Each structure stands twice: as structure tokens, then as C-alpha cells.
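S.K.: Okay, structure incoming, though there's no sequence with it:
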């Protein structure tokens, strides 16, 4: 994701999967990694399904905590 949330407040304002057919997207779900994951074909995205607790303010899973800039 280009604008990775740094705080819980930013994560709660994040919308995942915002596209023309889904203009409102889906809200952040507590307890899940805040990273936005894109489908293999590059169309559509969703919030990572992994458990959070790592990285910046504990918002990310182990894998994405390594990727997110500090």
C-alpha cells in the first residue's frame, strides 16, 4: 500500500478495495494486519487476513511489518 497507516486512527479511516464497482470499499477490521494486499492480476485489493501485533504500533503481521516503511 502506498499510504501505510502508522496509527490506529489512520487504520480505522482506511478503506480497502475501493474500485468503480465498489466505491466505498471495506473498512479496517480490528485484529487483522493493516496492509493492503492486491490480487495477483493487479485488480482489486483487500486487507491482509493475518493477525496483527508487529511493526508500527502493532498494526501489521510479521511479513508486512518487514515491508512497511518506518
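M.R.: Nice, I can see it. Computed from a prediction, not measured in an experiment: that's the story for all the values here. Numbering: from 1, shown residues only.
S.K.: so where's this protein uncertain?
M.R.: The chain contains residues with pLDDT under 70 at 1-2, 42, 69-70.
S.K.: quick one: the strands in it?
M.R.: 15-16, 26-27, 36-38, 45-47 (DSSP state E).
S.K.: Make a markdown table out of the ones you listed and add mean neighbour count.
M.R.: C-beta here means a position set from N, CA and C on the backbone, and glycine is covered the same way. Below are these laid out as a markdown table (neighbours: other Cβ atoms under 10 Å):
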| stretch | mean neighbour count |
| --- | --- |
| strand 15-16 | 17 |
| strand 26-27 | 14 |
| strand 36-38 | 16 |
| strand 45-47 | 18 |
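S.K.: How about the residue positioned nearest the centre of the chain: what's its closest non-neighbour residue?
M.R.: Taking Cα atoms, centre = their mean, the centroid of the chain lies closest to residue 35, which sits 2.7 Å from it. Once flanking residues are discounted, residue 35 sits nearest to residue 64: 3.9 Å by Cβ to Cβ, 6 or more residues apart in numbering.
S.K.: Same check on residue 17?
M.R.: residue 25 (4.8 Å).
S.K.: Which residues are in contact with that neighbour?
M.R.: 15-19 (Cβ atoms under 8 Å, 6 or more residues apart in numbering).
S.K.: redo that, cut-off 6 Å
M.R.: 15-18 (Cβ atoms under 6 Å, 6 or more residues apart in numbering).
S.K.: now, among those residues, which is nearest to residue 50?
M.R.: Residue 50 has its nearest neighbour among those in residue 16, at 14.0 Å by Cβ to Cβ.
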